[in-house]
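# Predicted model and sequence follow; I will ask about them next.
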Amino acid sequence: MHQFENSWLARALGRLVLSIFGWRVAGAVPKSKHTVIIAAPHTSNWDFIFLIAATSAIGVRINWLGKKSLFNHPLGFLMHGLGGIPVDRSQRNNMVDQICERFKSRVSLHLVVPPAGTRAKTDHWRSGFYHIARQAEVPVIFGFLDYSKKLAGISSTNHLSGIVKQDMDAIRSFYADKIGKFPALSSTVRLAEEIDRTTDGQTGSN
């Protein structure tokens, strides 16, 4: 069992949490040991709880990014235990490089990134997940929470082509019927790069 495979206890706890709240889970352990997992739609604090429960139930130990200060206190061990990875957010231009180095140094890493970046509605997603996956040369998984069906899970792996609109069209198609806890707060599934492409007519759509 490698270090990022969840134990039987974690799986059992994940299933228990979902069962208590009446949720079902879908998905399987990825064949790739390195992935970027999109977390969407993100409209509630409950999303983190249900996503951890769902991935634990499936058997995937996920990791997430947090600023270094969150880990520099007595409860820092708990942050690590929950899968937190400290990063230096003051070095924004080097953020993608920092994360790519993590992929290189770990036997297995399933990194969760909520591309909306906030629970409030925005007119586009942040492109960090896209650049990380492309630079680290790892596949992307679509993590989802559909509150309308009480279904949580992850998709199979998807390899980005580097053609932004083509890749985002596939992502938009997947999330089109996934409903967040507060639908009105769901962010538009497109990247800023798509909005800015006005010269070639390749603007993104909902």
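Noted; the coordinates are in hand.

# can you map out the helices along this structure?
Using DSSP state H, the helices found in the chain span residues 8-20, 46-58, 76-81, 95-105, 128-136, 164-175, 192-196.

# Lowest average confidence across those helices, which one?
Of all the helices of the chain, mean pLDDT reaches its minimum on helix 76-81 (a mean of 72).

# And that helix, what's buried?
76, 79 (16 or more other Cβ atoms under 10 Å). (Each C-beta comes from the backbone N, C-alpha and C, glycine too.)

# Number of residues surrounding the residue nearest to residue 154 when sequence neighbours are not counted?
The shortest distance from residue 154 to any non-neighbouring residue, by Cβ to Cβ, 6 or more residues apart in numbering, is to residue 27 (4.0 Å). A count of nearby residues for residue 27, using other Cβ atoms under 10 Å, gives 20.

# With the one 4 residues further on instead?
Summarising burial for residue 31: neighbours were counted as other Cβ under 10 Å, giving 9.

# for the nearest residue to it once chain neighbours are set aside, what are its contacts?
Excluding the flanking residues, the one nearest residue 31 by Cβ to Cβ, 6+ apart is residue 157, at 6.8 Å. Contacts for residue 157 (Cβ atoms under 8 Å, 6 or more residues apart in numbering) come out as 30-32, 35, 139-141.

# In these, find the pair that's most separated.
Using Cβ to Cβ, the pair of these lying farthest apart is 31 and 140, separated by 13.7 Å.

# before we move on, the earlier item: quick one: buried ones out of the contacts of residue 157?
Buried members of these, counted by 16+ other Cβ under 10 Å: 30, 35, 139-141.

# taking those residues one by one, which sit in strands?
Those of the buried ones among the contacts of residue 157 mapping onto strands are 35, 140-141, per DSSP state E.

# coming back round to it: so for the residue nearest to residue 31, what's the pLDDT?
At residue 157, pLDDT is 97.

# Over to residue 203?
For residue 203, the predicted pLDDT is 44.

# got it, and residue 150?
97.

# now the one 4 residues further on
For residue 154, the model assigns a pLDDT of 97.

# Equivalent analysis for residue 90, please.
At residue 90, the model reports a pLDDT of 66.

# Going forward, count from 107.
Fine by me, first position is 107 from now on; the one you just mentioned is residue 196.

# need the buried ones among the contacts of residue 263 in a markdown table with distance to residue 230 and pLDDT, can you?
Below are those laid out as a markdown table (distance: Cβ to Cβ, whole Å; pLDDT from 0 to 100):
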| residue | distance to residue 230 | pLDDT |
| --- | --- | --- |
| 136 | 27 | 95 |
| 141 | 23 | 98 |
| 245 | 23 | 98 |
| 246 | 17 | 98 |
| 247 | 21 | 98 |
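
# closest to residue 166 among those residues?
residue 136 (6.9 Å).

# Setting aside sequence neighbours, what's the nearest residue to that closest one?
Per Cβ to Cβ, 6+ apart, closest to residue 136 is residue 263, 5.6 Å.

# now do residue 172
Residue 172 sits nearest to residue 190 (Cβ to Cβ, 6+ apart), 4.7 Å away.

# cool, and residue 209?
Of all residues not flanking residue 209 in the chain, residue 242 sits nearest, at 4.5 Å (Cβ to Cβ, 6+ apart).

# Right, I'll leave it there.
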